[in-house]
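Engineer: Sequence plus the predicted model coming up.
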Amino acid sequence: MNEFQSGRPSLVFVHGLSGSSSAWVEYVKKFEKNCNLLSLDIRGHGKSTKLKSYEDYEIGKFSQDIYDLITYLNIKKPILVSHSFGTLIALEFLVKYQDLLTSSIFLSPNFCVKNGGSAKIMEFLLRSFVKISGLIPNSSKIGGHIDYSKYKNTGDWNIRRMSADIRNTGLRVFLYCLKQSYEFDRKGFLGSINIPVLIIHGKKDTIFPVKNSIIMAERINDFRLILLENADHIIVLNNFPEVSKAIENFI
């Protein structure tokens, strides 16, 4: 968070699953002179507290955290910038609080994870994990901030980056959040979004397919859709020049 000044845009950055606010370091450097900036660690991630129960990681509770934080900090009419799992949180925030925002920016978004091809198998495995999770020792050790400059230009399923992320977040929190994402479905809400929206998605995304953004664009009233030809899911790190320029133009 930089020093907030009146008369300039306020950006609130929401990172993805098993990430942290350090994913936005380059964006903070680019926008800090002309914008008010807040990048947060969502619950259970980065330096935020790791809560114990599965119910603590309901998507609605993440979105409520954002509401509570911007209310506490008295941030008026921010622009919500979200990536991946963070876009689920942002969509849930819009359900209750979109009138508090100027606009919303979705990077590699989804609105219904369980529509994927292998969703039923994954959901079954995650449901089984939740049932036995009480037998697994819970670690409340707070994580840190990963230096993502080490992982630029890594692919969607890069083991080195994913391993660093999950070790930092913890397996229990990672799987709890992943399971909660399979409970999420806001397709029916998309047509109710009445603020300007920017959507950026890589055509080679193998985690949240690009068709999600195309469907969102078809249903949202005031949108701008940018599809990056050779980009995968990790556009925040891998496509900083294009993504930051698009955000700059949008705001």
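Structural biologist: All right, it came through fine. Computed from a prediction, not measured in an experiment: that's the story for all the values here.

Engineer: how about the helices in this protein?
Structural biologist: If DSSP state H is used as the criterion, the helices of the chain fall at 25-31, 59-72, 85-97, 119-132, 159-169, 171-181, 211-219, 235-238, 240-250.

Engineer: With mean pLDDT and distance to Tyr151 added, can I get these in TSV?
Structural biologist: Just so you know, the C-beta spots here come from the backbone N, C-alpha and C atoms, and that holds for glycine as well. TSV is the format used below for these (pLDDT from 0 to 100; distance: least, Cβ to Cβ, whole Å):
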stretch	mean pLDDT	distance to Tyr151
helix 25-31	97	12
helix 59-72	98	24
helix 85-97	98	17
helix 119-132	61	24
helix 159-169	95	4
helix 171-181	92	17
helix 211-219	96	23
helix 235-238	98	6
helix 240-250	98	13
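
Engineer: The ones you listed: which one's closest to Gly46?
Structural biologist: Gly46 sits nearest to helix 159-169 of all the helices of the chain, at 7.5 Å, using Cβ to Cβ.

Engineer: nearest residue to Tyr151 other than its sequence neighbours?
Structural biologist: Of all residues not flanking Tyr151 in the chain, Arg161 sits nearest, at 4.2 Å (Cβ to Cβ, 6 or more residues apart in numbering).

Engineer: Is the one you found in contact with Lys152, as I believe?
Structural biologist: No. Using Cβ atoms under 8 Å, Arg161 makes no contact with Lys152, being 9.7 Å away.

Engineer: Of the two, which one has the most company?
Structural biologist: Between Arg161 and Lys152, Arg161 has the larger neighbour count (other Cβ atoms under 10 Å), namely 21 against 13.

Engineer: so how far is Ser63 from the more buried one?
Structural biologist: Using Cβ to Cβ, to the nearest Å, one gets 26 Å for the distance from Arg161 to Ser63.

Engineer: Same check on Pro241?
Structural biologist: Look at Pro241 and Ser63: by Cβ to Cβ, they are 30 Å apart.

Engineer: Neighbour count for these two, which is higher?
Structural biologist: Ser63 (23 against 9).

Engineer: Relative to His201, how far out is that one?
Structural biologist: From Ser63 to His201 the distance is 21 Å (Cβ to Cβ).

Engineer: Could you do Gly170 as well?
Structural biologist: 29 Å.

Engineer: Compare these two and say which is more crowded by neighbours.
Structural biologist: Counting neighbours by other Cβ under 10 Å for Gly170 and for His201 shows that His201 has the greater number, 27 against 20.

Engineer: distance of the more buried one from Ile105?
Structural biologist: The gap separating His201 from Ile105 is 12 Å, by Cβ to Cβ.

Engineer: same thing with Tyr57?
Structural biologist: Separation of Tyr57 from Ile105 (Cβ to Cβ): 24 Å.

Engineer: do Asn36 as well
Structural biologist: Counting by Cβ to Cβ, the gap from Asn36 to Ile105 is 15 Å.

Engineer: Please apply the same query to Pro9.
Structural biologist: Plainly put, Pro9 is 11 Å away from Ile105 if you go by Cβ to Cβ.

Engineer: Give me the common contacts of the two.
Structural biologist: Residues within reach of Pro9 and of Ile105 at once, by Cβ atoms under 8 Å, 6 or more residues apart in numbering, are Ile79.

Engineer: of these two, who's got more company?
Structural biologist: Using other Cβ under 10 Å as the criterion, Pro9 and Ile105 rank with Ile105 on top: 26 against 16.

Engineer: Run a quick check on that one versus Leu198, I expect a contact.
Structural biologist: Yes. Applying Cβ under 8 Å as the test, Ile105 and Leu198 come out as touching, 4.6 Å apart.
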